[in-house]
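[1] What follows is a protein structure lacking sequence information:
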């Protein structure tokens, strides 16, 4: 692992790819590696792109990447795709390989598919974004299909979130239902040359009015035809406006800090879950109590009472009233 | 709470509705109430219905409910709808009120919308299904839009899972991506009078062949026109075949037990999370460490080490090699 980190720092793309794989497989050594790399993290600006299937997210992300390259920025792209265990990530993998950016050293593309728990995917994807950042890419693009909690978590970890919609199919209502309206900083109304575009823009405008502004920022809606790069400059300008607004208002720092706290919480919860169920044998005990016919709520309560006693001992300084308390060493 | 349980047992529908609300709000008294009602749980057969938006799930569920009523069964329906915090569950609520079953004492319909954490919704929905079961409904229908992890968890808690698809829009591929193929016991190809139905049936058949049989059951694909109740009897027959196959093979009992274990795990994890972050002050500590600029992975590791020490003490009999170990009292 140590030599892998060294070749990573020296700028070896193969080392970057292998470290992302370690993040995906939750190699226990990985946490230490990212620890060492942490001072290098924080220079990249992260743009999350999400939206319903078929909205044209990949084409739009390709456009953003080209635009950033034209400005001289290096670009790392993470495409997160929820796939079933029996198909793997083949569909997305095939598509990725066809992308135009191939052969450009200033671009790195990685696709990540759902493996095992969905929570694990979000964690690995955010670790991978940190790695791209530490490697030196100045722009990190996170692309997900906005249908599940894990993809939602990934895209919510971006500095600016772009939601891509397209006309027809009741996208407006679906976007609202999926909670995408809550996390959008910029809307892209893609396929703006197709019928129904006015209706889409109206729907989104209306929903935004219904919602009211959040923290003083109202997400703009930018019509785009991603396949022809039409409107792409406007979309880039909207992202930059959001970036500047966040930077000058200090919100970027607040947002990033909240993201880090969330990252710790998620990692801690996942690891505690593994510890409890696998190593400490609580799953076996739960199975046994359920087999005896006990009510799930009663079994859960007993486990919580016992575990709570242990946890209170682990954090003796906490639990008192008052401000933030560091658990005693 | 005690008198609420008594009126519930006496068959008061208002008490049922209020207990579901208590489950949703995670009233701490609720766990004890469901404990007391537990011997009454287990007589209902639970059918989960899911699929992409626009597939016609609600119409199909209405059809299933009518069919069950015609056979003399009582029916409880839970419609779980992922909605954004700022719209509430209004869209679904409106639709529910228009349903044909209104006025029939043998039917109870409840819609549940996303409030707070998605994990919390799955937990509350499964508690609500247990309540409908305990109340005496012989058939419980769980309807969700199959787009997120929470809805997935809800529908996976059914005895038979029906996935409703419709022609066009690449539904087959989307269903596969969303993992719906993994949990389907019966497929309904709805809107079978529309163009593209053959393609849809072919796609699903092909994916099922690719996957191979699971545990000796191959999900049938039933063409249906739910709006005209065409094919509904075939769908009901397919569900009954699956029920009989599970009952005679003993798989129903295994499946239900696994569901109970999952229910305990979910409740325990959610309560532990609340205990850790809110009561024991770990969130404050995490925020403090992150603000100091420490790497998230490092903060998480330190917290895990400390908490792990406490948890090991709480389960002294566990952690040894060998079979299932009950933590000592």
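    Ah, there it is. These figures come from a predicted structure and were not determined experimentally.
[2] Show me the longest helix that occurs in chain A.
    The helix that spans the most residues within chain A, counting by DSSP state H, is helix A:251-274.
[3] That helix - contacts with which helices or strands?
    Contact here means 3 or more C-beta pairs under 8 Å, 6 or more residues apart in numbering or on different chains; DSSP states H and E; on that basis helix A:251-274 packs against helix A:118-135, helix A:232-249, helix B:251-274, helix B:282-291, helix B:296-314. Every C-beta, even on glycine, is put in place using the N, C-alpha and C of the backbone.
[4] which stretch among those helices comes nearest residue B:47?
    Within those, the stretch nearest residue B:47 is helix B:251-274; the backing value is 12.7 Å (C-beta to C-beta).
[5] Now do the closest one and helix B:282-291, the angle between them.
    Interaxial angle, helix B:251-274 versus helix B:282-291 (axes from the mean of the first three to the mean of the last three C-alpha atoms, to 10 degrees): 60 degrees.
[6] Need the contact partners of helix B:251-274.
    Applying C-beta atoms under 8 Å, 6 or more residues apart in numbering or on different chains, the external contacts of helix B:251-274 come out as A:269, A:272-273, A:276-277, A:282-283, A:286-287, A:289-291, A:296-297, A:299-300, A:303-304, A:307-308, A:311, B:42, B:117, B:119-120, B:122-123, B:126, B:153, B:157, B:159, B:215, B:243, B:245-246.
[7] Can you report phi and psi for residue A:143?
    According to degrees, to the nearest 10, the main-chain angles of residue A:143 amount to phi -110, psi 130.
[8] That one and chain B, how far apart?
    Distance check for residue A:143 against chain B: by C-beta to the nearest C-beta, to the nearest Å, it reads 14 Å.
[9] Count the residues that sit near residue A:152.
    For residue A:152, the tally of surrounding residues (other C-beta atoms under 10 Å in any protein chain shown) stands at 23.
[10] State the distance from the residue lying farthest from the centre of chain A to residue B:75.
    Relative to the mean C-alpha coordinate of chain A, counting by C-alpha atoms, centre = their mean, the farthest residue is residue A:292 (41.4 Å). Between residue A:292 and residue B:75 the computed distance is 31 Å (C-beta to C-beta, to the nearest Å).
[11] ditto for residue A:64
    From residue A:64 across to residue B:75, the span is 50 Å (C-beta to C-beta).
[12] and if you look at residue A:8?
    The separation that residue A:8 has from residue B:75, given C-beta to C-beta, amounts to 59 Å.
[13] same check, this time on residue A:237
    Separation of residue A:237 from residue B:75 (C-beta to C-beta) stands at 55 Å.
[14] Enumerate every residue touching residue A:235.
    Here residue A:235 is in contact with A:60, A:63-64, A:162, A:186, A:188, A:222, A:224 (C-beta under 8 Å, 6+ apart).
[15] Out of the residues you listed, which is nearest to residue A:3?
    Out of the contacts of residue A:235, the member with the shortest distance to residue A:3 (by C-beta to C-beta) is residue A:64, at 34.3 Å.
[16] What is the burial count for the closest one?
    Counted with other C-beta under 10 Å, the burial measure for residue A:64 works out to 23 neighbours.
[17] Next up, phi/psi of it, please.
    Here is the backbone geometry of residue A:64 (degrees, to the nearest 10): phi -60, psi -40.
[18] on that earlier part again, more crowded one of residue A:237 and residue B:75?
    A count of neighbours by other C-beta under 10 Å puts residue B:75 above the other of residue A:237 and residue B:75, at 25 against 13.
[19] thought the more buried one was touching residue B:107?
    Yes. With contacts counted by C-beta atoms under 8 Å, residue B:75 reaches residue B:107, the gap being 5.0 Å.
[20] OK, contacts around the spatially closest residue to residue A:229 that is not a sequence neighbour?
    Closest residue in space to residue A:229, ignoring its immediate chain neighbours: residue A:63 at 5.6 Å, by C-beta to C-beta, 6 or more residues apart in numbering or on different chains. When contacts are counted by C-beta under 8 Å, 6+ apart, residue A:63 touches A:226, A:229, A:232, A:235.
[21] Noted, bye for now.
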